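Undergrad: Predicted structure and sequence below. I'll ask about it afterward.
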Amino acid sequence: MSNILAVPFKKTYQVDVVGAARTYLSDNGDTHPDAVKADIKQWQEMRQKIVSLEVHANRLTDLMRRVYACYYHAQLTSVLTKFPVDMQLEILYAPVFSPSVVPVTMRSLMFERAAVVFNLGSLYSQLAASEDRSNVDGIKRAAAFFQNASGVFSYLQTSILPHFSIPPDQEHPPLDLSRSFVHAMEFLNLAQAQECFWQKAKLDNLKNGLVSKLAGATMYMYKKSLTIILEAEPPIKHIYPSDWLSHIEVKQHHFEAVAQFRRSREELEKSRYGFEIAYLTQAQLAAKKGYDVARKGRVLPAILNDIQSFLEIIKKELFRAERDNDLIYHQDVPTGSTLPAIQQATVAQAVTPKELSDPTILVPLNQMVFSSLMGWGTREAINIYNDRKKNLIQEELVGPAKESKIAAERLLQSLNLPASLEALERPVGLPPSFLKKAEEVRLENGPAKIEAAIEDLYKLSRQNYKFLNEAMDILDQEASEDESTRENLPIPLTRPPSHEANVHLVDKERRYRTILDQAATGDETIRTKWDQWERNITELTWDEADLEASIPSSTLSTSSYPSSSSTLSTDKHARTLRSLLESLSELYTDRDNLIRRASALAEADDIQPRIVKAAAGFERLGLETAESPGTPYSGATQKHTTHPAMFEDISNNELAKYDKFIQWMRDLEGKQEEILGSIKASFFLNELFLQSRKSSESVKAREQALQSLDLSYYKYKEIMQNLEEGVNFYNDLSAILLQFKDACRQWCNERKHEIHTLSRSMQSLSMGEENEQSNDATEPPQSRPTPAPSTLQGAQPQVQMTPNRNTKRFITDLNSSDWETPNFGGFPGRKV
């Protein structure tokens, strides 16, 4: 039976790579999925092969599996440069020590990459454990594999996990991919590699001092691995099998005892008998601790037998040394605290396979999957620039222009302009400005357009409520099934009931429903506003003749006054007001032209060539930098990946071309303030003009009618804007509610999967009990023999690494019974 540990694989399952890749490209990319159909198929096939990763007795097969695991990782680094981490592809991996439980599900390509690299480290670890270490060649191969395993876990811990983020709401985070867990695996495999070097030194009959230092370094590495496990935050101790922690602790004490024991042999050779006794005493204390842990910790029989046999040898040697010193040498025995610390000789090093750290060794860049696609970081940088450009025009040009125009119109409405001026200047007919506004509403069929928009708004509101209700129906159905399952299962479920487990989803539903209720209230406000102004807005759709007939004429105009200084002054102020209003109208036109020019520039503005060129430069720089050892950018992903932030300077330089439009818009705002100030001053200074409006009933009636039409037009525009905002709001909310509905369905599916897994486990357990009862009834009881400690190296029983797998004999290290055979004439045979 083996006396070392092999890291098992993280079990994975088939995933729909094709569907997720095609959906993402259809929704987000500028490349049709059929253009990269072969690449998508290759990705799916590559992943299918890693599902059944395992160790075989055929060395060539194992070599091919190592190469293929590195090959898939190399291709995965290319995938990560073309797709975002979350491309809505659900990745499933079971915990490393619990392959039959519900797998952890995450929408993260970094989760896939981390798990693939973890399994590569497990593969090296299992290959090392499968080697025959009864000969030097087998020891060398095992040491090399363990160093590779340590290097893979080191690469995972330093180069991948810092970029792997776990969402805070992840219900079952993959703790076996935490940095502490992987770091512990790194030192565990490094310790077992160092143990191989110690074993070879023993077989080569090297000096006691060197063998002691090798054992001391082995002890330190086992201790380091155990310390990481016990001090990890968040805690990871509970996910290890109980015998693993005991195994590591026993190994730590065992090699501490070996280091002290070998040092005592060195002191014996120098005739320093007091120091020999002191080191033997320390060796006995360490071996006694290891034996106590092994006896209580249910470790492998080989480990228990080794430490027990070694403890007996130390006791005998200590008894002999103390007797000889008391009778013959009479040397002082120093205390343990005064002894020099055992020095360490570290030989084992974490060796990262070159194919892992540099994927281009296996796959050239032009042969990577999706090599024809633009990199995700590059594409995202282009999208970010386009969004910034769009937002800049909206926030710096369109928005301020709209706000300025609304402010000006409010001021004019408060002054009854231009209705009061046009009522005085044009006593008969409709002014051209009113005819233009009425024509706009008539051509758009304003009332019918508003009615249709209101109906669409109500329809979208009902649809959003439907999505929310369907999500709650899914949760209610799961709760009913959970309650039914609890009633039918013979044992109580340990998981929380549905009404406790789905609290986070129910809270979200409440928030969404509150938002919908508030939106529905806003919809009614729009409807009320339309009911109030429907008649007035409908009048704007009348024929020009009917509309003119509805406006009363006045018999008073500025020309009907006698020629006096007051009349001339009034006429002058009226012309001034008319000129200012025309200037304001020209300013509106200038502002619209400014926005039109900026929008035309944005439409023709294509930053893609410049960003693609810069991305190529970044990739070349990354390759050159990564070739230098110790650079901060060494690593597969860092070398070839471009991130949107890398193009920030380019985006800022390109957006600077819109600064002139922003400045021109600000200048127009200042000019508008001047015009509005002049309008107010001219209006309030013309007292005669004000008096003429008050003294003539016909002018006043005409003014009110024109003002009503003017206000109706602006109410029409206001209602249409409100409806457009409402439709956009409901459309955006629909996407959110559909995602929420999918999240509820996914959560329920996970709960159902848990129940199905539990049911299968219970059925298996029931069948196992029936088989045991059947065997007890048909076969006589047999006692299991207790294995005796071996006296020959490698005389250990077979061990089956995983279920349904061919067993392979693992010849292990020397047993403790023949590690240390005392012989004062030079220690014949193998040495520790």
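TA: Done, it's in.

Undergrad: Disregarding flanking residues, what is the spatial nearest neighbour of the residue nearest to the spatial centre of the chain?
TA: The residue lying closest to the centre of the chain (CA atoms, centre = their mean) is residue 165, at 4.9 Å. Spatial nearest neighbour of residue 165, excluding adjacent residues (CB to CB, 6 or more residues apart in numbering): residue 110 at 7.7 Å. No exception for glycine: its C-beta is placed from N, CA and C like everyone else's.

Undergrad: Over to residue 592?
TA: Spatially, and ignoring its direct neighbours in sequence, residue 592 is nearest to residue 401 (7.7 Å; CB to CB, 6+ apart).

Undergrad: and the one you found, what pLDDT?
TA: Model confidence at residue 401, given as pLDDT, is 93.

Undergrad: What about it, how many residues nearby?
TA: 19 (other CB atoms under 10 Å).

Undergrad: shouldn't it be in contact with residue 665?
TA: Yes - Residue 401 lies in contact with residue 665 (CB atoms under 8 Å); the separation is 6.7 Å.

Undergrad: shared neighbours of these two, which are they?
TA: 591, 594 (CB atoms under 8 Å, 6 or more residues apart in numbering).

Undergrad: Where does the prediction get shaky in the stretch 351-500 of the chain?
TA: 419-420, 422-429 (pLDDT under 70).

Undergrad: And the stretch 1-150 of the chain, by the same measure?
TA: Scanning the stretch 1-150 of the chain for pLDDT under 70 picks out 1, 29, 53-60, 62.

Undergrad: Show the residue spans covered by the helices in it.
TA: Assigned by DSSP state H, counting those that start in this stretch, the stretch 1-150 of the chain shows helices spanning 17-28, 37-50, 59-82, 109-129, 136-155.

Undergrad: Who are the packing partners of the last one?
TA: Applying 3 or more CB pairs under 8 Å, 6 or more residues apart in numbering; DSSP states H and E, one finds that helix 136-155 contacts helix 109-129, helix 179-203, helix 354-357.

Undergrad: Relative to residue 597, which of these is closest?
TA: Between residue 597 and the helices and strands packed on helix 136-155, the tightest spacing by CB to CB is seen for helix 109-129, at 42.8 Å.

Undergrad: give the contact list for residue 351.
TA: 144, 147, 148, 150, 151.

Undergrad: what helix or strand does it sit in?
TA: According to DSSP states H and E, residue 351 maps onto no helix or strand at all.

Undergrad: What about residue 31, how many residues nearby?
TA: 16.

Undergrad: scratch that, residue 26 is what I was asking about
TA: Residues lying near residue 26 (other CB under 10 Å) number 11.

Undergrad: Assign residue 390 to helix, strand or coil.
TA: helix (DSSP: H, G, I helix; E, B strand; the rest coil).

Undergrad: That one is in contact with residue 605, isn't it?
TA: No - taking contacts as CB under 8 Å, residue 390 lies outside contact range of residue 605: 10.6 Å.

Undergrad: how far away is residue 125 from residue 232?
TA: Using CB to CB, to the nearest Å, residue 125 is found at 20 Å from residue 232.

Undergrad: meant to ask about residue 285, not that
TA: Using CB to CB, residue 285 is found at 28 Å from residue 232.

Undergrad: Look up how far residue 65 lies from residue 154.
TA: In terms of CB to CB, residue 154 sits 21 Å off from residue 65.

Undergrad: circling back to that earlier point, of the helices of the stretch 1-150 of the chain, which is nearest residue 470?
TA: helix 17-28 (21.3 Å).

Undergrad: Which elements pack onto the closest one?
TA: Here helix 17-28 touches helix 37-50, going by 3+ CB pairs under 8 Å, 6+ apart.

Undergrad: quick one: contacts of the helix it packs on?
TA: The contact list for helix 37-50 (CB under 8 Å, 6+ apart) reads 12, 14-15, 17-18, 21-22, 33, 68-69, 71-72, 75, 79, 116, 119, 369-370, 372.

Undergrad: got a pLDDT number for residue 627?
TA: Looking at residue 627, its pLDDT is 38.

Undergrad: residues contacting the nearest residue to residue 124 once chain neighbours are set aside?
TA: Spatial nearest neighbour of residue 124, chain neighbours left out: residue 149 (3.7 Å); criterion: CB to CB, 6+ apart. By CB under 8 Å, 6+ apart, the contact set of residue 149 is 7, 121, 122, 124, 125, 128, 185, 189.

Undergrad: cool, residue 541 as well?
TA: Per CB under 8 Å, 6+ apart, neighbours of residue 541: 438, 441, 442, 445, 446, 447.

Undergrad: Kindly state the pLDDT recorded for it?
TA: Reported pLDDT for residue 541: 87.

Undergrad: likewise residue 567?
TA: pLDDT recorded at residue 567 is 51.

Undergrad: How about residue 824?
TA: With respect to pLDDT, residue 824 scores 30.

Undergrad: try residue 553
TA: For residue 553, the model assigns a pLDDT of 68.

Undergrad: top helix in this protein by residue count?
TA: Longest helix in the chain, counting residues (DSSP state H): helix 697-778.

Undergrad: just checking, what packs against that one?
TA: Here helix 697-778 touches helix 399-414, helix 419-425, helix 432-443, helix 446-488, helix 503-539, helix 687-695, going by 3+ CB pairs under 8 Å, 6+ apart.

Undergrad: Pull the residues that contact the first one.
TA: Which is helix 399-414. 418, 581, 584, 588, 591-592, 594-595, 665, 668-669, 672, 676, 679-680, 707, 710-711, 714.

Undergrad: And residue 576, how far from residue 421?
TA: Taken as CB to CB, the span from residue 576 to residue 421 is 10 Å.

Undergrad: and the two? which has more neighbours close in?
TA: residue 421 (24 against 17).

Undergrad: what's the closest non-adjacent residue to the more buried one?
TA: Using CB to CB, 6+ apart, the nearest residue to residue 421 is residue 577, at 5.5 Å.

Undergrad: Next up, the contacts around the one you found.
TA: Residues in contact with residue 577 (CB under 8 Å, 6+ apart) are 417, 421, 679, 682, 683, 686.

Undergrad: Now list the buried members of those residues.
TA: Buried subset of the contacts of residue 577 (neighbour count, 16 or more other CB atoms under 10 Å): 417, 421, 679, 682, 683, 686.

Undergrad: I figured the second one hits residue 579, correct?
TA: Going back to what we said before, that points to residue 421. No - in this structure, residue 421 is not within contact of residue 579 by CB under 8 Å, at 11.1 Å.

Undergrad: just to revisit the earlier point, so how far is residue 678 from the residue nearest to residue 421?
TA: Distance of residue 577 to residue 678, computed by CB to CB: 9 Å.
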